[in-house]
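what follows is a predicted structure for the sequence shown.
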Amino acid sequence: MPYPLVCSFLFLSINFVSIQKIYNSMLTTLVSHCISVLPMTIDERRTFTTLVCADLNLLLFFGRHLENVYVESQFHKCFAQLLWSGNRVRRDAKKRFPGDANYDPRTLYLPPDFLKSLSGGQRQWWEFKSKHMDKVLFFKMGKFYELFEMDAHIGAKELGLQYMKGEQPHCGFPEKNFSMNVEKLARKGYRVLVIEQTETPEQMELRRKEDGSKDKVVKREICAVVTKGTLTEGEMLSANPDASYLMAVTENSQNVANQNTERIFGVCVVDVATSRVILGQFGDDLECSALSCLLSELRPVEIIKPVKLLGPETEKVLLRHTRSPLVNELVPLLEFWDAERTAQEIRRIYRCTVDQLVSGSPKTSNLHSDDSHLEEDDLGCLPDVLSELMRTGENGICALSALGGVLFYLKQAFLDETLLRFAKFELLPSSGFGDIVSKPYMVLDSAALENLEIFENSRNGDSSGTIYAQLNHCVTGFGKRLLKTWLARPLYHVELIKERQDAVASLQGVNLPYALEFRKAMTRLPDMERLLARVFSSSKACGRNANKVVLYEDAAKKQLQEFISALHGCELMVQICCSLGVILEHVESRQLHHLLTPGQGLPDVNSILKHFKDAFDWVQANSSGRIIPHEGVDIEYDSSCEKVKEIESHLTKYLQEQRRLLGNKSITYATVGKDSYLLEVPESLRGSIPRDYELCSSKKGIFRYWTPNIKKSLTELSEAETGKESSLKSILHRLIGQFCEHHLKWRQLVSVTAELDVLISLAIASDYFEGPSCRPVIMSSSCTNEVPHFSAKSLGHPVLKSDSLGKGTFVSNDITIGGSGHASFILLTGPNMGGKSTLLRQVCLAAILAQLGADVPAESFELSPVDRIFVRMGARDHIMVGQSTFLTELSETATMLSYSTRNSLVALDELGRGTSTSDGQAIAESVLEHFVYKVQCRGMFSTHYHRLAVDYQNNPEVSLCHMACQVGNGDGGVEEVTFLYRLTPGACPKSYGVNIARLAGLPISVLQKAAAKSREFEATYGKHRKADSFFFQSPVDNMVSCIQGLISAVEKWTSHESAKSIDIDSLTEVWHRARILEQQS
């Protein structure tokens, strides 16, 4: 393309005066001008526009420096001067063009002539920037962080910073505002590169003298990369207790090569603020259902993925089930490591850890072998999850690779080693390795989480009005996060459910006051999970904590305050757990006994806390900002103090000797200014002074002397005091190191406190239900032939309340699904807005509450455990991934058909919308028949296809019910419906859609016409079944095509051989049944 301008955009501002005024139309004017004045073909203009619009940072940089008046008069002049070496487009650091396969937009090629034209400081900034074009640079200069060029515009726009004077765009802020500003940019999706000074101007001058360097710029180094997923500092996180997950995902290369094979994913999910690491490798269907579920549950704020390695369906899922995360693409192998390279890095990091903790042990020496793989014996030094992962071979390579992507990414942010050393590793329950049989969970897939509004409402995406908000009465941040984990995976084993129910019940009634006192005491706790992670990470001086970093704020004092806060927090957790332990005499809950008994769930840390209590005065250290250790605590400090005392004792003895020598007891030591230990001798003894006395000063009647002995002792004393001060500076680091040796116990203490916080939250949650609540009765299956059961009397809604319904009151209902003598499926009809969808949600939420261990809003409740809840509810499309409303509906239905079992609970709301009546009704009846006869699970099916009720009116396997209403005459003869919201046996004759049109405010003339048409249809086609053929006027081929579409979607899911749980023949029967229905009609 002739005369492309992308490169010139970078530096055009050099020749213009910086301005504060910004014109919104500037960029459009500029691009239009370039296209109009430069000779370009149509294709070249498209390419030019694409290149320009692809780099908003460069455009911002350019637009901030031009007023409209300059565009015409200065453009050609600057354009000719700034094209580098004839290159016509921007290139990356390796001189590759944007169209090249391996082009790296994160870097920029800087021509040597351009670098030579810059000052030393500008050159240093551009050298950093050219390697990190995707980041905003916080460039440390003295006590300020400075932002230049395009970064300055971001600082002005997002942080409200004022531009400095000068031609170069420039703004900044003081060091004390670092945490606030870096958090603001990171929360808004920017990557922030923190560049710190690593020498002072004085150190630079000394360096120049020693090596003869002509460099006049202080050394600076990258010390941190801060993003949404790597925020760690306390003030950055205090406002939001929710975890900000960083998630790496990769998939088996065979997935991409063969789209019809089973997908195998490896994931690594990290909450950097708490050092929580979740690892998993799992097989998935062709629609990535398991991955979708994980994304919907965790909602990662940042994604790490290998460039061009994920399949198109995976990319769609990442787009559909996340909320605008920051996406990082890493080069496979080089940056997104494979399993072998990851294993090497893990070995290196844990070698260092073992060297520090068990120096000199046989195992340490073994770890220093040259073998590139961990030996079997060496795996003992790894956390259990990592050790298990390293042993699994092929079953863990994708998970290891995902961990490798995280480690490389965090290595750039100086967080990798501290993360691994003190990480809390967990295994993803759906992983294909490790022992997860002992604790299975109810599965809530992405459709269930979203349709039931477990964590996010459909209105604005926050937690208000969700079941999580209803249950969340936790008072600690770590308790809130644990509640989310429990809610995403309710229990499935009957014994585990009953055990948790016992714990919840034991915290109610007579023991509630103790629980509330415990809860009140917990409000004094900081977020201990995050605080401990920061203390653990401070044990290694790296990043901004490195000793070489020049900081003017007292970073050591802040570190000390966090350490003391952690000690106070651990002490308080022990105290309140012990105080709650008094209830153990009156309760039989095994879970509470385990949690509150020291040495079992509750770690015995009293002796450790006593050690730190005896080590130094916590209050005095917190106020003074320094630790003065008590004697016997620190050998190095004690040795320094002893040396100082010896020298001071020697000087005291020397004074006695001089008094005897001169025969005068009035001789003493004096301090004048900076001079200490001066011998003060009366003027009357001046004639007796030895020759080696050196006169230093005098005043009336007194002369002051030093002696060679005193001067030697002062030199030794100065060295000893310097050593003592050095020991004081490092005592904090050593004490934190001792604290970190017990990191597993501190984490266990937090875990116990969090669990108690959640149990108390569940115990008091029933007080917020409207109407009665009860402890669910969980039915254990004594035999395989026992019919799964769901029964509730006066079932209410855990979230909806009368005060949120205006003038009405919420109506509870009795409902029974399955069990002896009851149909396993309810076919639910009723008027629009009659409460069908609400009832479906009620049933599903009640099952979740019951298996969570909480009370249920009902007079009585019985349940056979549900292994998975399937929900198809609401009408929505996913246009960004090319899915219509109907396709979205059928995709969710296909998941149900594929994975439902006898113990599942299905909630289908108006299946069949989005296509013709005939097609929709046929699909609805076929799917219903499949669930009733093939799967035989519990479920509810709401519909407006009233012919389904006719077909099943005498079928004992399906219970016909409807939401009751009263019908009267309204204005203009239009029916007016009063909703009763009462579940009533039998089918509803019609849906009363005209009534909803009336409520929506349609004109009365339209309503009258609609009512007349409705009566006409009912009179003509509603008398007998044969008349239903009116609704099946579409060709048979069209009908079969539609059903085949459903089966094709299902077959796409189920074509892989390893999905043994899926019976493709049973799915095909749905298609055959639909064809029969078509022929009958």
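All right, it came through fine. No experiment lies behind these values; they were computed from the predicted model shown.

ends of stretch 303-312, how far apart?
Terminal residues of stretch 303-312 lie 16 Å apart, using C-alpha to C-alpha, to the nearest Å.

give the buried residues for it.
For stretch 303-312, burial by neighbour count (16 or more other C-beta atoms under 10 Å) applies to 303-306, 309-311. The C-beta positions use only the backbone N, C-alpha and C, and glycine is treated the same way.

what does stretch 157-164 give?
Buried residues in stretch 157-164 (16+ other C-beta under 10 Å): 159, 161, 163.

and those, which is closest to residue 662?
residue 161 (69.1 Å; C-beta to C-beta).

Three-state assignment for the closest one, please.
Classification of residue 161 using DSSP: H, G, I helix; E, B strand; the rest coil returns coil.

outline the domain layout of this protein.
240-438, 490-605+743-767, 635-731, 777-1080 (automatic domain parsing).

which one of these lies nearest to residue 214?
domain 490-605+743-767 (21.8 Å).

let me see the mean pLDDT of the closest one.
Mean pLDDT, computed over domain 490-605+743-767, is 94.

distance from the chain centre to it, please.
21 Å (C-alpha atoms, centre = their mean, to the nearest Å).

what's the span of it, first residue to last?
End to end - C-alpha to C-alpha - domain 490-605+743-767 spans 21 Å.

distance of the closest residue in space to residue 685 that isn't next to it in sequence relative to residue 655?
In space, and not counting its chain neighbours, residue 685 is closest to residue 662: 5.4 Å by C-beta to C-beta, 6 or more residues apart in numbering. Residue 662 is 11 Å from residue 655, where distance means C-beta to C-beta, to the nearest Å.

which one's more surrounded, those two?
Neighbour totals were compared for residue 662 and residue 655, and residue 662 leads with 18 against 15 (other C-beta atoms under 10 Å).

my read: that one touches residue 681, true?
Yes - between residue 662 and residue 681 a contact is recorded at 6.9 Å, counting by C-beta atoms under 8 Å.

hey, what's in contact with both of those two?
residue 689 (C-beta atoms under 8 Å, 6 or more residues apart in numbering).

tally up the residues packed near residue 665, please.
9.

so who does it touch?
residue 659.

SS state for it?
Residue 665 - assigned by three-state DSSP - is coil.

how close does it get to residue 682?
Distance from residue 665 to residue 682, by C-beta to C-beta: 11 Å.

please, which helix or strand holds residue 752?
Using DSSP states H and E, residue 752 sits in helix 743-765.

after that helix, next one along is what?
According to DSSP H and E, the helix or strand after helix 743-765 is strand 777-778.

who touches that next one?
Counting by C-beta under 8 Å, 6+ apart, residues outside strand 777-778 touching it are 494, 497-498, 501, 850-851, 860-865.

follow-up on the earlier one: so which elements touch the helix holding residue 752?
Using 3 or more C-beta pairs under 8 Å, 6 or more residues apart in numbering; DSSP states H and E, the elements in contact with helix 743-765 are helix 467-471, helix 477-488, helix 494-506, helix 512-522, helix 528-537, helix 555-580, helix 590-596.
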